[in-house]
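# got a sequence here, can you model it:
(one chain, ligands or ions: 1)
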Amino acid sequence: MSTISSRSSSEKQSESAGGSAGGYDVEQTVRERYSAGAQALEPMLCCPATGQYDATYLSVLPTEILERDYGCGDPSQYVGEGEVVVDLGSGAGKICYILSQKVGQSGQVIGVDMNDEMLGLARGYQAEVSGKIGYDNVRFCKGRIQDLALDLDAAQAYLDEHPICGVEDITTYDAHCQAMRKSEPMIGSDSVDVVVSNCVLNLVKPEEKVQLFAEIFRVLKRGGRAVISDIVCDERPTDAIMNDPEMWSGCIAGAFVEDEFLKMFEDAGFYGVEILSRQAEPWHVIDGVEFRSMTIRAYKGKQGPCMERRQAVVYHGPWKQVMDDDGHTLYRGKRMAVCDKTYQIYTDAKGPYAGQLIGIEPSEMVALDEATEFDCRRNAVRQASEMKGATVNGAGGESRGATRSMNVLAAGDSEVCCGTGEGSSGCC
Ligand SMILES: C[S@@+](CC[C@H](N)C(=O)[O-])C[C@H]1O[C@@H](n2cnc3c(N)ncnc32)[C@H](O)[C@@H]1O
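Numbering: from 1, shown residues only. As a prediction, the model looks like this:
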C-alpha cells in the first residue's frame, strides 16, 4: 500500500456518480498511457494481482504477455467449460489466454480493446499460444467497450476507402457505423455467457459509464453473468485527483465509489449482484481516499412475465429476512409463494442463490401454457393445502391455487416488481 498526496488541493469533489474529469481528454490520455504500457513494462499501472492466477494456465504464456499484466483481480476463475466469454479491455491478452484454456475447445473467447499496441501484442502471440494449447478459440477485436456493437477495424477499413474530406463525410461515416452496428455487430445482443473485465471499467469516461453497463447487459444471454474486477474507492476522489490525467490513466481517478459500483449493475437490470472479493488493505491511499480492488458478479435474466404455477420457496436463514433485487422479501422458514420465473432463478444450482433456499413444487404441477399471471408484488405465504391441490374459495369465487388464497405478509404492494428493461413483458 502507498499513502500519497495528489498534486494540488484536496477538496472533495461531489458531483454525479463517477465524478467528472476536468480539462483533459480521458480517452486520449488512456490510449497514450497503454500504448506506452504495451511497449515497456509500467509497474505503476494498476494493482498487481500476482499470486491469484492458477499457475496451470500460465505455463503456455510468453514472458512478455505475463509481464504486461495491468489487472487487479482474476475474473477468469469464475468461468467454466464450453462458455462464450468476452473480456473487456483485454490488454496484452493474459486473461483471454487463461480463459481459452478454461473454456476449452468447445468454448470461445473474445478480447476487446481499443489500443492498437495492446492488440498487436495480444494478436502477435496468438499462433504460438494456440499451438501450445492445441486449438484456437480466441479472437481479439478492436472496439470501445462502451460501444460493443461497433468493430473499429471494420470502421477503419471503411475510412481507408472513404476518407473524410469534408463535414458532409462525417455524417456519411456516422450513418455507415450505425448501419454496421445493426447489420454486423462486433458483439451481438444476447450472445455471450460471461462478460469479464480486469481493471478497465474505471477508465471509461464518466458520462459513458451508464452506456457501458447497458452494453454489458445487452450482449449477455438471458442467464448470463458479468464478473468484473475493478478499482473502487471508499469515498469520492478529490478534485485534485480527478483533474490529474495520470491519475485517470493509472486506474485511480475513474474508480467507482464502492456501493455505487454495485448500484450500477442493479440500475442496468442485473440481479444477484455480489461482492466476490475485496482487497483488505488499500492499494493506494491518496488525499485520505482509499483505493482497492474488488470483484463483482451479477446476473442477467430477471426480466419477463410472472406466471403462477403454485411453487414456493423456504429461506434457510441465518438472516431473519432477506430481499432480492425485485423487492421480494423472504422470511426465514416461511413457505413464500413465487412465480415460475423467480422459482427457476432461486433454485438454479448455478445461480447466485444456490444452496440458500428450499424449492417446493405443488403435488400437481400447472403446465406453463395453462398458467395464469402471478402478482409478484405481494410477499405472500403459500398455504400447504393449496400446494397439495386443494380447491380454495377466494373473494371472487372458487379458485384453485390462485394468488388471493395466499396469506399476504407485507402490507402494501411493492412499487417495483421484477424490474424493467429489455425483453420485459407483462408484469416484469
Ligand atoms: C489497466 S489495463 C488492463 C488490461 C488487462 N485487462 C489486464 O488485466 O492486463 C486497461 C486496458 O483497457 C483498455 N481500455 C481502456 N479503456 C478502454 C475502452 N473504453 N475501450 C476499450 N479498451 C479500453 C486499455 O487499452 C488497456 O489495454
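
# show me the contacts for the closest residue to the ligand within the stretch 201-350 of the chain.
Nearest to the ligand in the stretch 201-350 of the chain, going by CB to the nearest ligand atom, is residue 203, at a distance of 4.0 Å. The way it works is simple: take the backbone N, C-alpha and C, and place the C-beta from them, glycine included. With contact set as CB atoms under 8 Å, 6 or more residues apart in numbering, residue 203 has these partners: 26, 30, 89, 248, 249, 251, 254.

# can you narrow the residues you listed to ones near the ligand?
30, 89, 251 (CB under 6 Å from any ligand atom).

# just the pLDDT at residue 367, thanks.
pLDDT, residue 367: 92.

# could you dump the helix or strand where residue 295 lies to CSV, C-alpha only?
Using DSSP states H and E, residue 295 maps to strand 289-299. The C-alpha coordinates for strand 289-299 follow below in CSV (Å, rounded to 0.1, in the frame of the first residue of the first chain):
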residue,chain,number,x,y,z
VAL,A,289,-9.2,8.3,-0.1
GLU,A,290,-8.6,4.5,-0.1
PHE,A,291,-8.4,2.7,-3.4
ARG,A,292,-8.6,-1.1,-3.6
SER,A,293,-9.5,-3.9,-5.9
MET,A,294,-12.9,-5.6,-5.8
THR,A,295,-14.5,-8.3,-7.9
ILE,A,296,-18.3,-8.3,-8.5
ARG,A,297,-20.6,-10.9,-10.1
ALA,A,298,-24.1,-10.0,-11.4
TYR,A,299,-26.7,-12.0,-13.4
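
# that one pairs with which strands, parallel or anti?
Paired neighbours of strand 289-299 in the sheet (DSSP bridges): strand 220-233 (antiparallel), strand 271-278 (antiparallel), strand 284-286 (antiparallel).

# burial of residue 57, as a residue count?
19 (other CB atoms under 10 Å).

# brain fart, residue 380
23.

# wait, it sits on residue 336?
Yes: counting by CB atoms under 8 Å, residue 380 touches residue 336, with 7.1 Å between them.

# surely residue 319 touches residue 332?
Yes: with contact defined as CB under 8 Å, residue 319 reaches residue 332; the gap is 6.8 Å.

# number of nearby residues for the residue nearest to residue 371 when sequence neighbours are not counted?
Of all residues not flanking residue 371 in the chain, residue 307 sits nearest, at 3.9 Å (CB to CB, 6 or more residues apart in numbering). Neighbour count of residue 307, defined by other CB under 10 Å: 21.

# quick one, what contacts residue 307?
Contact analysis of residue 307 by CB under 8 Å, 6+ apart lists 339, 340, 341, 368, 371, 372, 373, 374.

# what's the answer for residue 210, then?
With CB under 8 Å, 6+ apart, residue 210 has these contacts: 264, 267, 268.

# quick check: phi and psi on it?
Torsion angles at residue 210 (phi, psi; degrees, to the nearest 10) stand at phi -60, psi -40.

# pLDDT score assigned to it?
pLDDT at residue 210 comes out at 98.

# likewise for residue 327?
pLDDT for residue 327: 89.

# ok, now the one 5 residues further on?
pLDDT, the model's per-residue confidence, is 97 for residue 332.

# that one against residue 356, yeah?
No: using CB under 8 Å as the test, residue 332 is too far from residue 356 to be in contact (10.8 Å).

# and residue 230, how close does it get to residue 291?
Using CB to CB, to the nearest Å, residue 230 is found at 11 Å from residue 291.

# what do the two both touch?
Residues touching both residue 230 and residue 291 by CB under 8 Å, 6+ apart: residue 255.

# re the thing from before, format the contacts of residue 210 as a markdown table; extra columns: distance to residue 315.
As requested, the contacts of residue 210 are exported to a markdown table (distance: CB to CB, whole Å):
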| residue | distance to residue 315 |
| --- | --- |
| 264 | 27 |
| 267 | 25 |
| 268 | 26 |
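
# residue 237: neighbour count?
Quick note: residue 237 (other CB under 10 Å) scores 26 neighbours.

# which residues of the stretch 251-400 of the chain score low on pLDDT?
389-400 (pLDDT under 70).

# and it, which residues reach the ligand?
residue 251.

# the stretch 251-400 of the chain: helices as residue ranges?
258-268, 340-347, 384-387 (DSSP state H, counting those that start in this stretch).

# need the winner for burial among those helices.
Most buried of the helices of the stretch 251-400 of the chain by mean neighbour count (mean count of other CB atoms under 10 Å) is helix 340-347; its value is a mean of 21.

# identify all contacting residues around that one.
271-272, 301-302, 304-309, 311, 313, 324, 326, 328, 338, 351, 353, 357, 359, 368, 371, 374, 376, 418, 428.

# among these, the buried ones, what's the ChimeraX command?
Buried members of the contacts of helix 340-347 can be picked out in ChimeraX with the line below, counting by 16 or more other CB atoms under 10 Å:
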select :271,272,301,302,304,305,306,307,308,309,311,313,324,326,328,338,351,353,357,371,374,376,418,428
